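> No sequence on hand, only this structure:
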């Protein structure tokens, strides 16, 4: 083996490593809300208004992800309801409700972070029953507001897209303004 072929192999290996790193998640920081999160390669972020509330929709690149897996990823800042806290949200989700099973709850009061993992069923297209798997994250901004990130997909397809969904929801963080403490 010549030195030249060894260098070619090194260059190919380096190119592969750099290409793999490019396939990793990028970072998104919103310019209106104090929110930052990771976005899988190829996915895009779009701001929209739902019922008068601004939210960020994270859209997968492939049609089968949007249609067959029914991936739905959204991030928003919202006010807590009266007498509502992360503790009360955790308490509510620990119990099954209607077509939602009891959630697996991880709560870190010191960090102000609540992580819920649960499944829920619903009828779609008349009589077709679909079970959806949800990863739901709440992150306290202040006493009255939280960042809410929800990543959901059909339960039968969730495993295939789990890493991408977790990339978004588990990376949600509050952006502190310069000079703020």
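Nice, I can see it. Small disclaimer: the values here were computed from a predicted structure and weren't measured.
> From residue 58, how far off is residue 175?
17 Å (Cβ to Cβ, to the nearest Å). No exception for glycine: its C-beta is placed from N, CA and C like everyone else's.
> Same check on residue 71?
9 Å.
> one step back: more neighbours: which of residue 175 and residue 58?
residue 58 (25 against 15; other Cβ atoms under 10 Å).
> Bridge partners for the closest residue to that one other than its chain neighbours, pull those for me.
Leaving aside its chain neighbours, residue 58 sits nearest to residue 73 (3.9 Å; criterion: Cβ to Cβ, 6 or more residues apart in numbering). For residue 73, the beta-bridge partners are residue 58, residue 151 (DSSP bridges).
> residue contacts, residue 73?
57-60, 149-152, 165, 168-169 (Cβ atoms under 8 Å, 6 or more residues apart in numbering).
> Mind giving me the PyMOL select for these, buried ones only?
In PyMOL syntax, the buried subset of those is picked out as below (16 or more other Cβ atoms under 10 Å):
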select buried, resi 58+60+149+150+151+152+165+168+169
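> Strands of the protein, residue ranges please.
Counting by DSSP state E, the chain has strands at residues 26-29, 35-39, 44-50, 53-59, 72-79, 104-108, 113-124, 128-140, 145-154, 173-174.
> I'd like to know which of those is closest to residue 86.
strand 113-124 (4.7 Å; Cβ to Cβ).
> Please identify the buried residues of that closest one?
113-116, 118-120.
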